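Enquirer: Fold the following.
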Amino acid sequence: MPFPTANAAEAPTFPTATAAEAQVRSLVSGDASAPVGVADLQAATRALGELVRSNLRPLARAADGRLLFVAAPASENEVTSRCLRLLALVWSKPPFRTMLHHRHLAEELGALITIAGSSGSFHARSRTGGPEARLAELLEREAPLPLLEALLAVDSPAQLAELREAVRDVGRAEPYRVAAGLAAVRHALLRRSEAALGRLEELLELAKLRLAHDDSFVYQAALNALAAAAEVSPRTVMPRLAELLLPQGKPQLGRRPSAACEARAAAATERRLKGAQALCQAVLRLGATLPPHADAAMAALLAGARDDCAAIRASCLAALATAASTLRLALHPYAVELLTLATSALQPHRNNALFQAAAAEADRRRLDSAASTSSAAPAAAPARETEEPGDGGSAEERACVDEARAAAYLVGLTLQQLGTDGAAVLPPSQLRQIYAQLRLTRDGAADPLLREHAADAVAQLDLLGRHLLGAAAWSERPRTLTIRMP
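Expert: Numbers count the residues shown, from 1 in each chain. Got it, this is the predicted structure:
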């Protein structure tokens, strides 16, 4: 609902004519229902911040951890009140409330309100009916997140002590204490604790270290803390989460790896799998605000989908499906590459270089194991190698099946998200290749779930084909012009 006081006559005047003042005045002097772009709103928010910062003295930290405004003269409080009134006028424009979903705009607005509210005039909204009270009511009613209250709330001594104790618990040896500490860190991040945000880098490192814990309860708590950090500060956290998925180095070729090297490789694979899970949870936490911060996550997941390890490929393809369903209309720039990767993963093992490498590695392990046990039981060793469920080859085969399932599901979901735009986004040659591969998978795959996902994707392509045929028939329909005389 537009703000009732939003009109040009109430635009405040400032003691000094600055470029920032002129920029803000030009924005609020027009009609309140006029369209406003994100760039204009960002510029106005920065200009308001410059006005407030230039007229307010620096903040000081009191002994109890609260933020106090240092002895502001009456003139500075008056400037703060005028800035808040001007902010209420800007906020009254309907596009501003809609575009608050852009997280970078929300961060700038929150920083401005935090500075302006520290003077004390904003906190008097319950006793006055001025622009501060009206602005507070409008923000609390219209904001998609409890942004203002979270940013204005400073840490009490009890909350600071709780955060310090949580950090100590994260470093302890008992799993239940570590998980409880990570849960407390997550809670502090979600309520935008000033102390937690000020030590975001340290908290990120603690959570990343606890990802390597063997207890699933502990590393799930670490994943939850990382996802909360991504929601609070996506610009900083999303690239850091993407680094968890990237490989740290390649093993030396032409040499049989030692036991220590294999252990390190297994730990690196586990870390990367948990990194993919962390990215997936962060994508879900961001939701509609993901598109401005999706580049780092999508680049890491697309690179992981080409990895040599089938388990990492399967995990990344599944995470890409989650990202595709979250991006919605912002999926178009990634659609061609997503479908190319997924179609490659659906190809038969003999035609896919990645599957050939996996099969060669599995064969090498079988031969090495058979050679080491041939002297003890030459006849029974091959049968045991093919029957044991924990064998490396069988695990690789299961990972390949999971990869194919995720790829077929990703193809169907991407086509569903694109809808009729798929004909404009995807080249015809790629559509034909996808359709042929999906039909082969649907008719020839041994796994029933894989066949089901492939059939769903074929149904999406059939819908797209019927749409194209209908549009072509409509365009070829003869057109006649009938003129009726009165």
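Enquirer: Need the pLDDT of Gly110.
Expert: For Gly110, the pLDDT comes out at 50.
Enquirer: check contacts around Leu226.
Expert: Going by Cβ atoms under 8 Å, 6 or more residues apart in numbering, Leu226 touches Leu204, Ala207, Lys208, Leu211, Val237, Leu241, Ala278, Gln281, Ala282. Bear in mind the C-beta positions are built from the backbone N, C-alpha and C, glycine included.
Enquirer: nope, Leu450 is what I meant
Expert: Contacts of Leu450 by Cβ under 8 Å, 6+ apart are Val401, Ala404, Arg405, Ala408, Thr441.
Enquirer: let's see 10 Å
Expert: Counting by Cβ atoms under 10 Å, 6 or more residues apart in numbering, Leu450 touches Leu346, Val401, Asp402, Ala404, Arg405, Ala406, Ala407, Ala408, Tyr409, Thr441, Arg442.
Enquirer: From these, list the buried ones, please.
Expert: Applying 16 or more other Cβ atoms under 10 Å to these, the neighbour count classes Leu346, Val401, Asp402, Ala404, Arg405, Ala406, Ala407, Ala408, Tyr409, Thr441, Arg442 as buried.
Enquirer: Can you tell me the SS state at the last one?
Expert: In this case it means Arg442. Under the three-state scheme (DSSP: H, G, I helix; E, B strand; the rest coil), Arg442 adopts helix.
Enquirer: residue contacts, it?
Expert: Ala408, Leu450, Arg451, Glu452, His453, Ala454, Ala455, Asp456, Ala457, Val458.
Enquirer: could these be laid out in a markdown table, adding pLDDT, distance to Ser193 and secondary structure?
Expert: Conversion of the contacts of Arg442 to a markdown table gives the following (pLDDT from 0 to 100; distance: Cβ to Cβ, whole Å; DSSP: H, G, I helix; E, B strand; the rest coil):
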| residue | pLDDT | distance to Ser193 | secondary structure |
| --- | --- | --- | --- |
| Ala408 | 92 | 43 | helix |
| Leu450 | 90 | 46 | helix |
| Arg451 | 90 | 50 | helix |
| Glu452 | 92 | 46 | helix |
| His453 | 92 | 43 | helix |
| Ala454 | 91 | 48 | helix |
| Ala455 | 92 | 49 | helix |
| Asp456 | 92 | 44 | helix |
| Ala457 | 91 | 45 | helix |
| Val458 | 92 | 50 | helix |
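Enquirer: Which ChimeraX command selects the buried ones in these?
Expert: Selection command for ChimeraX covering only the buried members of the contacts of Arg442, criterion 16+ other Cβ under 10 Å:
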select :408,450,451,452,453,454,455,456,457,458
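Enquirer: With distance to Ala179 as new columns, can the contacts of Arg442 be given to me in CSV?
Expert: As requested, the contacts of Arg442 are exported to CSV (distance: Cβ to Cβ, whole Å):
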residue, distance to Ala179
Ala408, 36
Leu450, 36
Arg451, 40
Glu452, 37
His453, 35
Ala454, 40
Ala455, 42
Asp456, 38
Ala457, 39
Val458, 44
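Enquirer: what's the most distant pair in the contacts of Arg442?
Expert: Farthest apart among these by Cβ to Cβ are Leu450 and Val458. That separation is 12.6 Å.
Enquirer: any residues in contact with both of the two?
Expert: Contacts common to Leu450 and Val458, judged by Cβ under 10 Å, 6+ apart, are Ala408, Thr441, Arg442.
Enquirer: Now do the contacts for the closest residue to the second one other than its chain neighbours.
Expert: Right, Thr441. With sequence-adjacent residues excluded and distances taken as Cβ to Cβ, 6 or more residues apart in numbering, Thr441 is closest to Ala454, at 4.1 Å. For Ala454, the contacting residues are 346, 404-405, 407-409, 411-412, 437-445, 447, by Cβ under 10 Å, 6+ apart.
Enquirer: can we see that at 6 Å?
Expert: Ala408, Leu438, Thr441, Arg442 (Cβ atoms under 6 Å, 6 or more residues apart in numbering).
Enquirer: Please tabulate the residues you listed in TSV, including the columns distance to Ala227.
Expert: Listed next are the contacts of Ala454 as TSV, based on distance: Cβ to Cβ, whole Å:
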residue	distance to Ala227
Ala408	27
Leu438	33
Thr441	33
Arg442	35
